[in-house]
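Participant: Generate coordinates for the sequence data below:
(one chain, ligands or ions: 1)
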Amino acid sequence: MKLYLACQMAKDSDWVKYYNFELLPINHETLRKADGFLKALYHAHPYEAGVIRLQPNTYYDWHVDDRRGVSVNMLINHGHSHCLFKKSSNTLEDAVTGEFYELNYQRGIYYFFNNQVEHSVYNYEGVRYLLTLEFHEDKDKLNFKSLTEEWRNGRWRKRQQSKANK
Ligand SMILES: [Fe+2]
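Facilitator: Numbering: from 1, shown residues only. The predicted model follows:
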């Protein structure tokens, strides 16, 4: 996979601090050219792209994103990691228990990710590389529900097909 190669070839100075992750900015113009989904998505909702790197034995604790309502993620490579969503937000501030479900990422597959549901990542072994698309629109303009509905309605795909038929 080309993205994995790009991650391995990148110099340490290419990685920038992004919240508590390390991020490698990706030139998505090249990605879009080779990928109809990314192209159509960008046309509907422009975004920036980057690879998030997580070192072994590190975690990203439970949180809701400040800015992002929704993102599109793709796991590039990992050893053993888990991405979890809380089943329901516990209203008790001192609650230390709760239920979760796991987003069982398959490598090379795009996922619409609801950044407004509490989530966490635990990386046990191996460096974890995840492609993430950050939309220019923030949570007030674009959210998980609206984006997934657009996808189900096939709005972008129809536009792509009609363009291709001209
Ligand atoms: Fe997050």
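Participant: number of nearby residues for Tyr124?
Facilitator: For Tyr124, the count of nearby residues is 14 (other CB atoms under 10 Å). Heads up, the C-betas are built off the backbone N, CA and C, glycines and all.
Participant: got the contact list for the closest residue to it other than its chain neighbours?
Facilitator: Nearest residue to Tyr124 in three dimensions, chain neighbours excluded: His80, at 4.1 Å (CB to CB, 6 or more residues apart in numbering). Counting by CB atoms under 8 Å, 6 or more residues apart in numbering, His80 touches Asn123, Tyr124, Glu125, Gly126.
Participant: Going by neighbour count, which of the residues you listed comes out on top?
Facilitator: Asn123 (21 neighbours).
Participant: Report the separation between it and Cys83.
Facilitator: Separation of Asn123 from Cys83 (CB to CB, to the nearest Å): 10 Å.
Participant: which SS class is the residue minimising distance to the centre of the chain?
Facilitator: In the chain, the C-alpha nearest the mean C-alpha coordinate belongs to Asn73, at 2.6 Å (CA atoms, centre = their mean). Following DSSP: H, G, I helix; E, B strand; the rest coil, we place Asn73 in the strand state.
Participant: Low-confidence bits of this protein, can you list those?
Facilitator: The model of the chain has pLDDT under 70 over residues 1, 89-94, 157-166.
Participant: Can you get me a residue count around Val72?
Facilitator: 20.
Participant: Good, wrapping up.
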